[in-house]
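S.K.: Pasting the sequence and the predicted coordinates here, then a few questions.
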Amino acid sequence: MADEHEVSRQDNYVGLNVGGKIFKTSRSTLLCIPGSFFSSLLEGSVPSAKDDQGNFLIDQDGKIFRHVLNFLRYGKLVLPEGFGEYSLLECQADFFQLEKLSEYIERHVSMMSVGLMFPDGKIFYTTKDILLKEEKSFFTKMLSGEAVVPRDFQGIYILKRGDSKVFHHIINYLEKGVIFDPLNENELDSLEKEAKHFGLHLFADHLKSVRFMISRRRDEGLHIHFYYCVNSPCVVYKTLHGGYDRDLTYYGSCADKPDKTRNLLHNRSTVYKGMESGVVDMEIINSTKPASLGDVMSYLEEKGGPNRIPSKPKQSHLSQGCIRLEVLPNPNINFYPRQYHKT
């Protein structure tokens with residue numbers, strides 16, 4: 001009986017000769033992901049050869065394969081510190097038909113630190129995810145290899161030009177999706193040039209909104225640029241309307257508690273004297289489901305009232321999934337919120 005048990009236990013193990021390296025693992029480990037190369041191999045539905053010891057011969061890199069096998073064992077990607085052969089690992093994920101491993105690799109790579117060295121020697125570290133926030137930018141081309149950018153021995157990208165003094169503003173914008181940092185005139189000038197150089201077209205439009213609000217900050221009426229975005233936070237740039245910050249305040253429908261207020265912008269920052277930016281609390285616009293563009297339009301019209309906004313908000317399509325709405329004030333009537341009073 002003991003011999004039979006030993007034979008059964010050995011039968012449950014499979015030998016793999018991957019690029020000359022021998023691996024022993026259980027059938028259950030190799031079959032843990034249905035529909036993979038290993039399922040076909042062990043079912044005999046793909047041609048296979050064996051070495052003299054009966055190990056399946058697989059023409060792949062054995063050094064990389066150990067990470068594939070560990071993924072099958074532990075259900076997660078476990079890599080040593082300093083690992084850099086993601087391209088090879090991705091090739092094996094494709095070869096072994098392990099889609100879940102490919103997803104883990106993509107997620108792991110997106111969180112990796114990326115170093116950028118400016119001409120003055122200053123180095124910024126950020127993540128691939130952040131640099132890929134804007135499509136078709138210099139950074140997306142750099143990371144995909146479409147734009148050839150030299151790297152030093154540590155893998156840091158060496159940029160031929162760029163202003164390191166304002167680059168932290170760009171990183172903060174890409175991370176948050178809105179210009180939050182206070183700016184002075186010189187920084188604004190430099191950022192406009194940097195946005196053009198790095199091909200950050202949406203960032204350039206946000207800068208235009210900042211410029212516009214600065215030019216209108218002394219007007220009587222309230223100016224609003226509302227960025228409605230599907231895959232990123234919705235944000236607003238607005239004038240401060242003579243110092244008042246109540247112009248986008250939501251007054252609850254509870255008539256006997258008119259003092260219960262909630263501002264449409266749950267994160268706010270004064271970017272320049274007389275204007276501010278903020279991230280929109282979309283639940284105020286629609287508390288039951290994700291607010292649509294129509295919901296936003298209705299909200300802005302309702303807040304202004306038919307006599308306060310001269311026309312419907314103007315729409316500008318900036319990119320797929322991102323639209324800028326411009327709310328212009330009626331020059332003859334101030335824009336104040338409607339308050340609910342007890343009747």
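M.R.: Right, received. Where do you want to start? Since the structure is predicted, the reported quantities are computational estimates derived from the model, not experimental observations. Residues are numbered from 1 along each chain as shown.

S.K.: List the beta-bridge partners for the nearest residue to residue 54 once chain neighbours are set aside.
M.R.: In this structure, residue 54 finds its nearest non-sequential neighbour in residue 15, 6.1 Å apart by Cβ to Cβ, 6 or more residues apart in numbering. (Each C-beta comes from the backbone N, C-alpha and C, glycine too.) Beta-bridge pairing for residue 15 (DSSP bridges): residue 24.

S.K.: shouldn't residue 15 be in contact with residue 26?
M.R.: No - taking contacts as Cβ atoms under 8 Å, residue 15 lies outside contact range of residue 26: 11.3 Å.

S.K.: Next, the buried residues of stretch 221-235.
M.R.: Along stretch 221-235, these residues count as buried under the neighbour rule (16 or more other Cβ atoms under 10 Å): 221-229, 234-235.

S.K.: which stretches of the protein form helices?
M.R.: Using DSSP state H, the helices of the chain run over residues 2-11, 27-30, 37-43, 62-74, 86-95, 99-110, 128-131, 138-144, 167-176, 185-197, 201-216, 282-285, 293-304.

S.K.: Taking their axis directions, the longest one and helix 167-176 sit at what angle?
M.R.: Orientation check (axes from the mean of the first three to the mean of the last three Cα atoms, to 10 degrees): helix 201-216 against helix 167-176 gives 110 degrees.

S.K.: pLDDT weak spots in the stretch 1-150 of the chain?
M.R.: 1-11, 82 (pLDDT under 70).

S.K.: please redo it, this time with the cut-off set to 50
M.R.: 1-2, 4-8 (pLDDT under 50).

S.K.: List the contacts of the residue nearest to residue 54.
M.R.: For residue 15, the contacting residues are 22-24, 53-56, by Cβ atoms under 8 Å, 6 or more residues apart in numbering.

S.K.: Can you tell me which of those residues is closest to residue 86?
M.R.: The closest of the contacts of residue 15 to residue 86 turns out to be residue 23 (Cβ to Cβ; 20.9 Å).

S.K.: which residues does that closest one contact?
M.R.: Counting by Cβ under 8 Å, 6+ apart, residue 23 makes contact with 15-16, 62, 65-66, 69.

S.K.: domain ranges for this protein?
M.R.: Following automatic domain parsing, one finds the domains of the chain at 2-110, 113-199, 202-327.

S.K.: start to end distance for stretch 90-105?
M.R.: Distance across stretch 90-105, first residue to last, is 7 Å (Cα to Cα, to the nearest Å).

S.K.: Give me the contacts around that stretch.
M.R.: For stretch 90-105, using Cβ under 8 Å, 6+ apart, the contacting residues are 33, 35-38, 60-61, 64-65, 68, 71-72, 76-77, 86, 89.

S.K.: do stretch 192-201 as well
M.R.: 134, 136-139, 141, 161-163, 166-167, 170, 203-204, 207, 318-319.

S.K.: quick one, what contacts the residue positioned nearest the centre of the chain?
M.R.: In the chain, the residue lying closest to the centroid (Cα atoms, centre = their mean) is residue 133, at 5.1 Å. Residues near residue 133 by Cβ under 8 Å, 6+ apart: 174-175, 177, 232.

S.K.: Out of those residues, which end up buried?
M.R.: The neighbour count (16+ other Cβ under 10 Å) marks 174, 177 as buried among the contacts of residue 133.

S.K.: I'd like the contacts of residue 133 written out as CSV, with distance to residue 325 and pLDDT added.
M.R.: Shown next, in CSV, are those (distance: Cβ to Cβ, whole Å; pLDDT from 0 to 100):
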residue, distance to residue 325, pLDDT
174, 22, 94
175, 23, 92
177, 16, 93
232, 15, 86
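
S.K.: Can you tell me which of the contacts of residue 133 comes closest to residue 240?
M.R.: When the contacts of residue 133 are compared for distance to residue 240 (Cβ to Cβ), residue 177 wins out at 21.4 Å.

S.K.: if I pick that closest one, what's in contact with it?
M.R.: Going by Cβ under 8 Å, 6+ apart, residue 177 touches 133, 229, 232-233, 235, 279.

S.K.: got these as JSON lines, with distance to residue 197 columns?
M.R.: Below are the contacts of residue 177 laid out as JSON lines (distance: Cβ to Cβ, whole Å):
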{"residue": "133", "distance to residue 197": "17"}
{"residue": "229", "distance to residue 197": "24"}
{"residue": "232", "distance to residue 197": "22"}
{"residue": "233", "distance to residue 197": "25"}
{"residue": "235", "distance to residue 197": "23"}
{"residue": "279", "distance to residue 197": "27"}
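
S.K.: Might you specify the subset of those residues located within strands?
M.R.: The strands, defined by DSSP state E, take in 229, 235, 279 from those.

S.K.: can you list these in a markdown table and add distance to residue 301?
M.R.: Shown next, in a markdown table, are those (distance: Cβ to Cβ, whole Å):
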| residue | distance to residue 301 |
| --- | --- |
| 229 | 20 |
| 235 | 19 |
| 279 | 22 |
